[in-house]
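Chemist: Kindly return the folded structure for what I paste below:
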Amino acid sequence: MIIGRGAGWRERAREFGAAASAGGAPVTYGLIALCSAVFLISPLSGFNPVYGTADALLAAQAGYFERWGVIPSELLDGSAHAALTPLTALFVHGSWLHLLGNMLFLYVFGAMAEERMGRAEFTFFYLCCGYLALVVYAVAHSGSDQTLVGASGAISAVLGAFLYLFPRARVTSLFPFLFFLPLRFPAWIVLVFWFALQWLAAQGAGSGPGVAYLAHVAGFAAGFLYAWGRYRGGARVKSPATATEGESQP
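Modeler: Model (predicted):
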């Protein structure tokens with residue numbers, strides 16, 4: 001059931017479910033649209049002819065990363081531009097796979113979290129936790145010159161908040177070791193498993209090119225702690241009847 005005052009659990013479950021399926025999450029869908037648009041008009045998509053081709057395109061891509069991404073070795077130098085990059089980097093993605101993977105997770109888990117928090121709070125939560133996740137990674141790898149981009153830290157925070165707010169909501173997941181069969185599991189199983197993978201991967205990850213697993217771990221922890229501190233004692237969905245649709249790929 002849903003613990004808390006106000007409407008009965010059946011009514012609240014319908015409200016949260018409607019957020020994921022009836023367009024009740026404009027911030028979530030706006031973030032997906034914005035990240036997609038930024039990628040399409042950037043030199044990273046290869047669709048914008050203004051950046052040229054071949055060597056000119058590669059140079060434009062490198063400059064784009066340096067301008068809008070986080071460079072850990074420069075973040076703590078005190079410049080206004082460097083301090084802003086953990087925010088701008090949230091809207092930059094390095095490839096189609098990077099973009100689509102992040103937007104899929106945001107689509108699956110963002111709508112219900114936004115409905116629970118409200119539009120303004122969800123926006124604040126997403127940006128602040130995403131910023132924090134990238135800063136944590138940058139501080140931990142302060143000597144690195146590798147550029148860090150992507151919304152993964154912010155989306156990991158959404159996953160952490162979702163775990164606290166909707167632990168028994170069922171999500172459709174694809175597990176490679178189960179031959180990518182679509183199976184539905186309670187959110188707490190999927191998300192705890194996902195977090196464990198990120199934590200283990202972060203232990204062996206360096207500061208070079210690749211996935212910033214530490215940013216995922218930091219974002220997830222920040223999101224969970226925020227939801228725990230903000231909503232403990234309030235309404236918390238525990239009913240398996242409340243579900244979110246889509247696919248997640250731990």
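
Chemist: rest of the way, CA atoms for contacts and neighbours
Modeler: Fine.

Chemist: where does this protein have its least confident helix or strand?
Modeler: strand 2-3 (a mean of 26; mean pLDDT, DSSP states H and E).

Chemist: How about L148: what's its closest non-neighbour residue?
Modeler: Distance criterion Cα to Cα, 6 or more residues apart in numbering; nearest residue to L148, sequence neighbours excluded, is V70 at 4.9 Å.

Chemist: again, but for A151
Modeler: That would be L90: by Cα to Cα, 6+ apart, it lies 4.3 Å from A151.

Chemist: Just say helix, strand or coil for the one you found.
Modeler: Of the three states, L90 takes helix under DSSP: H, G, I helix; E, B strand; the rest coil.

Chemist: ok, it - contacts?
Modeler: Shown in contact with L90 (Cα atoms under 8 Å, 6 or more residues apart in numbering): 130-131, 149-152, 154.

Chemist: Give the burial count for N48, as a bare number.
Modeler: 15 (other Cα atoms under 10 Å).

Chemist: Mind pulling the model confidence for S152?
Modeler: According to the prediction, S152 has pLDDT 94.

Chemist: Next one: it from R168, what distance?
Modeler: 23 Å (Cα to Cα, to the nearest Å).

Chemist: Looking at the two, which one has more neighbours?
Modeler: S152 (30 against 21).

Chemist: any idea how far the more buried one lies from R232?
Modeler: Distance from S152 to R232, by Cα to Cα: 25 Å.

Chemist: Same check on F91?
Modeler: Taken as Cα to Cα, the span from F91 to R232 is 31 Å.

Chemist: burial measure for the residue lying closest to N48 once chain neighbours are set aside, as a count.
Modeler: Spatial nearest neighbour of N48, excluding adjacent residues (Cα to Cα, 6+ apart): I41 at 5.8 Å. Using other Cα under 10 Å, I41 has 15 other residues around it.

Chemist: hang on, I41 packs against F47?
Modeler: Yes: at 7.2 Å, I41 counts as touching F47 under the criterion of Cα atoms under 8 Å.

Chemist: Quick check, central residue of this protein?
Modeler: I155 (1.1 Å; Cα atoms, centre = their mean).

Chemist: any low-confidence regions in the chain?
Modeler: Confidence mapping of the chain against pLDDT under 70 gives the ranges 1-23, 172-185, 205-210, 234-250.

Chemist: swap the cut-off to 90 and go again
Modeler: Confidence mapping of the chain against pLDDT under 90 gives the ranges 1-24, 44-58, 61, 76-79, 101, 108, 141-146, 167-213, 232-250.

Chemist: related to what we said a few turns ago, quickly note the distance from the residue nearest to the centre of the chain to V171.
Modeler: 16 Å.

Chemist: Could I get the contacting residues of A221?
Modeler: For A221, the contacting residues are 157, 160, by Cα under 8 Å, 6+ apart.
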